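Colleague: A predicted structure for the sequence below; I have some questions about it.
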Amino acid sequence: MAKTSASRFLIVPAVALQFLAIFVLSVGLLSQAQAQAVDAQKSKVTLALATEPPTLNSAVATDTIASFVLSHLMEGLLVYGSDGELAAGVAERWQLDADGATFWLRDSARWSDGKPVTAHDFVFAWRHALKPSTASQYAFIFYPIKNAEAVNGGQLAATELGVSAVSDHELRVEFAKPCPYFLSLAAFMTFLPLREDVVAHWGGRYAADSDKLVVNGAYVLDKWVHGAHLRLRKNGHYWQKDGVKIHEIDMPYITADPSAQFNLFRDQQIAIAPLDTGLLDEAVERGFNIEYFHTGSLYFLEFNFREGRISSNRAFRKAVQRLIDPDLLVNKIIGLPGVKPAYSLFPVTVKGSEKPFREEYPVMRVDADIAEARKYLKRAKAELGLESWPPLVMLAGDSPRALQEAEYYQYLFKKGLGLELRIDQQVFKQRLEKMRRGDFDIVVAAWGPDYDDIMTFADLFTSWNDNNRGRYDNPLYDRWIRLAQSSNDAKTRFNAMAQIQRIVVEDVPILPTYENGALYVQNPRLKGVRRSIFGGDPNFRYAWIEQ
Amino acid sequence: MAISVFRFAPKTWGAADDLEAVAPIPLPSMANPTVILSGLMVIFLLLFVTVGPSLWRQSPSQQWLSQISEGASRARSVRIVSDNGAWRPSKKADAPSGLKVHAANTEYVRLQWPKLAGIERYRVYRGDADKPGLGLAITETADSYYQDRLQLSSEVYRYTIADADTGLLLLSREVRPEAAMSVFEAQLQGLIPVTNNKTQWVEIPGHPLGTDALGRDILARLMAGGRTSLFVGVVAPLLFITFGCIFGAIAGLMGGWVDQLAMRFVDFVVALPFLLFMILFRVAFGIGPGENGIMPLIVAMLVLSWPGSARLIRGQVLALRSQPFVEASRIAGVSTSRIILRHMLPNVLPMILVAFSFAIPQAIFTEAFLSFIGMGVSPPTTSWGALCNEGIKTLLSHPRQLILPAIFISLSVLAFNILGDALRDATDRRSGVVRA
């Protein structure tokens, strides 16, 4: 596929945002009237949200919070099951070929107003998301579908899109090029169905309030007080409603501060809380059960390749590579179990043809070496013809961890290479804007996978990808990606990916630093909460409360 | 007889013709214990930030990666260890009979244990030996060995191996890692040359107040931070009080429409919101990313904080202007500049001093507050407020990192306030110290 990986998890500032969706419930030791983390009688869970979802319109949503809420409200053709495997959703069965896919929808699937979910709802939703007027940031994720790119660009009418409803219960998709990972795309947020009559009725205000949307998933949105409170209740029309054990998910707290969430958890007001460095010792001391999972996202330093930037010099990037030791960063500075040092563009969670990709194609590890780094820097100085080094600007996030990390780099650059590094701390939106404009030398960035295929990481640094913020342009890199995209053969694809992995180590378009792990504490009575990379995190669809 | 509330500049006394004159009233003594203590505290703080760094020669920005968030420590020698990243026990070595420690230093602890039948995954816990509980689960692994590198310090740890699936505890052992430093870090800190990695031991300095979350010496940071805080605390009031005094004096002396206009302008400035303007000044100054925000901070204070002193001085000057002794001087043909010097200045000077001494703690506090919310200094520069901001993240686990700078802010604000109080009492003749 041409462009890939949108910004769902793009540059997630820190643990706090990774956990965007955090819930809390008190265990209700006192009266029933009080908020309780988990209430076994009412089968209710209370959580805290990090922020309010900017929108619940699946065609335009991009963030982790919306993904979490939508994964409970809606159901796509396929879903992620209790173990994170792809399972049947609205589609009862399906068939995937090199040139297309066919999905047969179940009769029992219903919208929350009782109307059946039909293939037309999917056709409408996908055409709607691709319409230039919708301006969905995730439009590119449809590009494996025939004519999708032209429809999105406005050259073709939406009806030309390679998707059609053969009948009410049969959906036919035609591909523009082979897409062996289409099933995992079909479980993605932007591929969720939409009801044409409801979207047309509310227009731009669709999904702006709890009464302005219809859903087809396990829960309905019962209450939405903007900026303060969300509440989900079990959906009586859901075709699998007997399997939903948690009847109510209440989110009466919205705070991005991990300490505030931890205090709520400690007071048994919420059922799950994320942990950050400063809270870890306290959680251990209190004997809480600390859990972690690999979020699948990669943190890295991205260099700016625009004209006139020092960071476009390879010797300079090599010097930085020999200076920064991901292992040191992870173990000394971050100091959280579950966070892993990264040496490759592909995190260990990426699948290969049979085993994880990183086991099939181990990465070459470059060890930190100050003497080597200084040698490279000297070379860079000569190549650039510099008298002295100007200060470099490092664009970083505004979370406590991001600042700590940036101060560490600042010290390393000063002490190890004698370079002055200025830290430009920006809030998420402003940082994205500055990245887009190329207003940086080095940026601390992150990428979370959108769908379960290696390509979600690999094509990030192709010359045509909008999310290639450093404007890295390497014909060799592009060629390997094109090769992999035009092939349906696993061996060809993964061999090309191994080349990509090698190029990233040798040419250093980015310097991977760590693979993020999320630490959290959870109420021991709450079981079966799925923490996952894909399909909305955390997921309560299969959870239950122990008596 | 009525006594003027105003004082005159020093004059020679003793001529027989002014027997009627009142003897000069001595200033009330400032020598009470609280004031002396505050004075000493101010002197101590000033010495702490000026002389301190030359006595305690540690760089406030040096990050001792091997001593993250440690408590007080003495200077000591540590072993240099080279670490090669991943580790696995050699295949030839027999599986140990119990939990075996291959190496234990603060860079890595290498553990190996026998493979037990029926167990697929092991979970390794690490806890404080003197605390109950298993501690933190540091990893889950299918191998029967593990290398722990996660923020080790030289306290006694208890490692526990458990079955990850059933939670059954299998093996446990206490380990005290030896103080060590990696070759990379020793080279980075300049303790050993980059070409040499044969050195075995190096001396590292102690940290009397411990280190922060990046391994920086807290004592050195308090000195560096205090320098910024006190600099802003003294320079900003100096500027805005001076400006306010001149503005107020002009308004008071000229009177009439000038006074009206000036005072309406003062009202306008008072209405400006400080924080908003602070942000605007940063933008207007073109303070680029990562550059220091001290100058806009001082300018914002200068531009927005002067009205108080201007009003104060104007009121005093207005009152003085209509005093008989001033009128008498004027009728006697004394020049305006002479009147200002002889009559005005001596009478407003105490007020200026008092206003100044109260403005200092206010400025220190404003700087601390702005740095705390991230609007003040940028790293690597620091201030007490910025230190508090860093410390609050580790409040629960290392409260020292917040409490120490907070104590310094409180002490300095308190000391300057007490001094200001005493100064006001000492210069206020209306409070009953007059002996006729």
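Modeller: Thanks, I have the structure now. Nothing here was measured: the structure is a model prediction, and the numbers come from that model. Residues are numbered from 1 along each chain as shown, chains lettered A, B, ... in the order given.
Colleague: Break chain A down into its structural domains.
Modeller: Per the record, chain A has its domains at A:17-48+A:207-294+A:519-545, A:64-205, A:295-517, by automatic domain parsing.
Colleague: any idea which of those scores lowest on pLDDT?
Modeller: Lowest mean pLDDT within those: domain A:17-48+A:207-294+A:519-545, a mean of 82.
Colleague: Could you pull out the buried residues of the one helix or strand B:A103 maps to?
Modeller: Following DSSP states H and E, one finds B:A103 within strand B:100-104. Of all the residues in strand B:100-104, those buried under the rule 16 or more other C-beta atoms under 10 Å in any protein chain shown are B:K100, B:H102, B:A103, B:A104. For glycine as for every other residue, the C-beta is placed from the backbone atoms N, C-alpha and C.
Colleague: So what touches that strand?
Modeller: Residues from elsewhere that reach strand B:100-104 (C-beta atoms under 8 Å, 6 or more residues apart in numbering or on different chains): B:P89, B:V109, B:R110, B:L111, B:Q112, B:W113, B:R173, B:V175, B:R176, B:P177, B:E178.
Colleague: ok, now which ones touch the closest residue in space to the second one that isn't next to it in sequence?
Modeller: To tie it back to what came earlier, the one meant is B:V109. Nearest residue to B:V109 in three dimensions, chain neighbours excluded: B:D148, at 4.5 Å (C-beta to C-beta, 6 or more residues apart in numbering or on different chains). Neighbour list for B:D148: B:Y108, B:V109, B:R110, B:L111, B:V124, B:R126, B:I138, B:T139, B:Y159 [criterion: C-beta under 8 Å, 6+ apart].
Colleague: so what's B:D148 scoring on pLDDT?
Modeller: For B:D148, pLDDT reads 89.
Colleague: give me phi/psi at it?
Modeller: phi -90, psi 120 (degrees, to the nearest 10).
Colleague: about what we covered before: which strands and helices lie in contact with the next helix or strand after the strand holding B:A103?
Modeller: Downstream of strand B:100-104, the first helix or strand assigned by DSSP H and E is strand B:109-112. The contact analysis (3 or more C-beta pairs under 8 Å, 6 or more residues apart in numbering or on different chains; DSSP states H and E) places strand B:109-112 against strand B:100-104, strand B:145-148, strand B:157-163.
Colleague: Sheet-wise, list the partners of the first one with their directions.
Modeller: By that I understand strand B:100-104. strand B:109-112 (antiparallel) (DSSP bridges).
Colleague: Quick check: what element follows the strand it pairs with along the chain?
Modeller: Past strand B:109-112, the next helix or strand by DSSP H and E is strand B:122-128.
Colleague: List the contacts of that next one.
Modeller: Here strand B:122-128 makes contact (C-beta under 8 Å, 6+ apart) with A:284, B:111, B:113, B:133-144, B:146, B:148, B:150, B:155-164, B:170.
Colleague: re the thing from before, just the buried members of the contacts of strand B:100-104?
Modeller: B:P89, B:V109, B:R110, B:L111, B:Q112, B:W113, B:R173, B:V175, B:P177.
Colleague: For the first one, give me phi and psi.
Modeller: Spelled out, it's B:P89. According to degrees, to the nearest 10, B:P89 has phi -60, psi 150.
Colleague: what kind of secondary structure is A:E405 in?
Modeller: helix (DSSP: H, G, I helix; E, B strand; the rest coil).
Colleague: how close does it sit to A:Y299?
Modeller: 9 Å (C-beta to C-beta, to the nearest Å).
Colleague: intersection of neighbour lists for the two?
Modeller: A:V444, A:T513.
Colleague: The helix or strand hosting A:L279 versus strand B:122-128: what angle between them?
Modeller: Here A:L279 sits within helix A:277-285, counting by DSSP H and E. Inter-element angle recorded for helix A:277-285 and strand B:122-128: 90 degrees (by axes from the mean of the first three to the mean of the last three C-alpha atoms, to 10 degrees).
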